[in-house]
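A.B. asks: this is the structure alone, sequence omitted:
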């Protein structure tokens, strides 16, 4: 994971004539017939498009990487034997490790490569320069090149809907978030969750514990336990394992799954899951390579494009609650009720968005503050 946690050459997937036409003699005033060439092979069909994926965590993390791998499987399901996918999991964000794996995938003949976390950006940019005939796609970053595109999902929209539900369900008004790394993507999710909660309960507050890793079940569990000890009765996370939901189940509080359905890890605690469908994007982009239509650029999709949603609701949720969430969702989609509409203040009282002003994408990408209602300071 905006990931935040976040190529213009056409793909060569056409019939290739690998034999040379036979040469023939010409007679005067009469065109020559081509000589038969028994040794010339027939036109051969190119092999499947090779598609590579690089994951920061394990495919079984139940969160960010699991969701990306579901997207990879959606590519296989849609295109069948037209594609061959490969993935490498548990690749650290360090430049040397990431570059080695990305370069290896390019050398193996993958013609489009998806790097699925913010920390791969510089490595992908470097390798892309050395492989101009390969398309590279980087999740949650902000740099592009002729053969390097950037993509992201509006996870903050799912976080906002979770906040709406949390604001309605919390008895104490004290909410908690187990957070990964303090970058704009994560801050945007924390703030949007709080804005959602306070749209229902203006007195709701959010406590944050940072673990400074995307995937560390032990630290995630400790953070969740700390928050519960501080009186929090509803938890959200911006981390990749199911440890927060599991801890909530054990401690008798509520929690939201993140990136995928985590209900099996906490059947009673799991309210709903802010779920990403990466397959929406991956099938589109792989299809463009197959059709020779791929172009570099920046994509940021959300509720409107069915790439993020709050779903997998607990059976105990009332119809009124589901309708409330559905109404809020529709307001975001059609623009009648934007999440980020002023006046909005940060948690020091400074106005960050004026009255009736609606945040644009530039504003959202540069968020570096807690909104009013989030307690504490952002780590340096």
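C.D. replies: In hand now; what should we look at? The structure presented is a predicted model; accordingly, all values stated were derived computationally and were not measured.

A.B. asks: got the contact list for the closest residue to residue 279 other than its chain neighbours?
C.D. replies: Nearest non-adjacent residue to residue 279, counting by C-beta to C-beta, 6 or more residues apart in numbering: residue 74, 2.9 Å away. Where C-beta positions appear, they are placed from N, C-alpha and C, glycine not excepted. Listed by C-beta atoms under 8 Å, 6 or more residues apart in numbering, the contact partners of residue 74 are 278, 279, 282, 283.

A.B. asks: can you check residue 154 too?
C.D. replies: Residues near residue 154 by C-beta under 8 Å, 6+ apart: 2, 300, 301, 302, 303, 307, 308.

A.B. asks: measure it to residue 78 for me?
C.D. replies: Residue 154 sits 23 Å away from residue 78 when distances are taken as C-beta to C-beta, to the nearest Å.

A.B. asks: quick one on the thing from earlier: which of the three states applies to the residue nearest to residue 279?
C.D. replies: Three-state call for residue 74 (DSSP: H, G, I helix; E, B strand; the rest coil): helix.

A.B. asks: cool, and residue 296?
C.D. replies: Strictly by three-state DSSP, residue 296 counts as coil.

A.B. asks: greatest separation within the contacts of residue 154: which pair is it?
C.D. replies: Comparing all pairs in those by C-beta to C-beta, the longest separation belongs to 2 and 303, at 14.3 Å.

A.B. asks: look at those two and report which has more neighbours.
C.D. replies: The residue with more neighbours, out of residue 2 and residue 303, is residue 2; 26 against 19, by other C-beta atoms under 10 Å.

A.B. asks: so what pLDDT did the more buried one get?
C.D. replies: At residue 2, the pLDDT value in this model is 36.

A.B. asks: what sits up against stretch 289-301?
C.D. replies: 7-11, 13, 49, 79, 82-83, 111-112, 135, 144-154, 280-281, 285, 288, 307-308, 361.

A.B. asks: how about that stretch: buried residues?
C.D. replies: Of the residues in stretch 289-301, 289, 290, 294, 296, 299, 300, 301 count as buried by neighbour count, 16 or more other C-beta atoms under 10 Å.

A.B. asks: stretch 203-220 now?
C.D. replies: Quick answer for stretch 203-220 (16+ other C-beta under 10 Å): 204-211, 214-217, 219-220.

A.B. asks: and if you look at stretch 330-347?
C.D. replies: Residues of stretch 330-347 classed as buried: 332, 339, 340, 344, 346, 347 (neighbour count, 16+ other C-beta under 10 Å).

A.B. asks: could you do stretch 133-150 as well?
C.D. replies: Neighbour counts over stretch 133-150 (16+ other C-beta under 10 Å) mark 134-141, 144-145, 147-150 as buried.

A.B. asks: need the max-distance pair from those.
C.D. replies: 134 and 140 (20.2 Å).

A.B. asks: how about the strands in the stretch 51-200 of the chain?
C.D. replies: 83-88, 112-115, 135-139, 148-153, 174-179 (DSSP state E, counting those that start in this stretch).

A.B. asks: tally up the residues packed near residue 80, please.
C.D. replies: Residue 80, neighbours per other C-beta under 10 Å, totals 9.

A.B. asks: please read the previous query as pertaining to residue 116.
C.D. replies: Considering only other C-beta under 10 Å, residue 116 is surrounded by 29 other residues.

A.B. asks: so how far is residue 221 from residue 292?
C.D. replies: Distance from residue 292 to residue 221, by C-beta to C-beta: 48 Å.

A.B. asks: if we can go back for a sec, out of the buried residues of stretch 289-301, which are inside strands?
C.D. replies: 299, 300, 301 (DSSP state E).

A.B. asks: got JSON lines for those, with distance to residue 251 too?
C.D. replies: Shown next, in JSON lines, are those (distance: C-beta to C-beta, whole Å):
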{"residue": "299", "distance to residue 251": "39"}
{"residue": "300", "distance to residue 251": "36"}
{"residue": "301", "distance to residue 251": "35"}
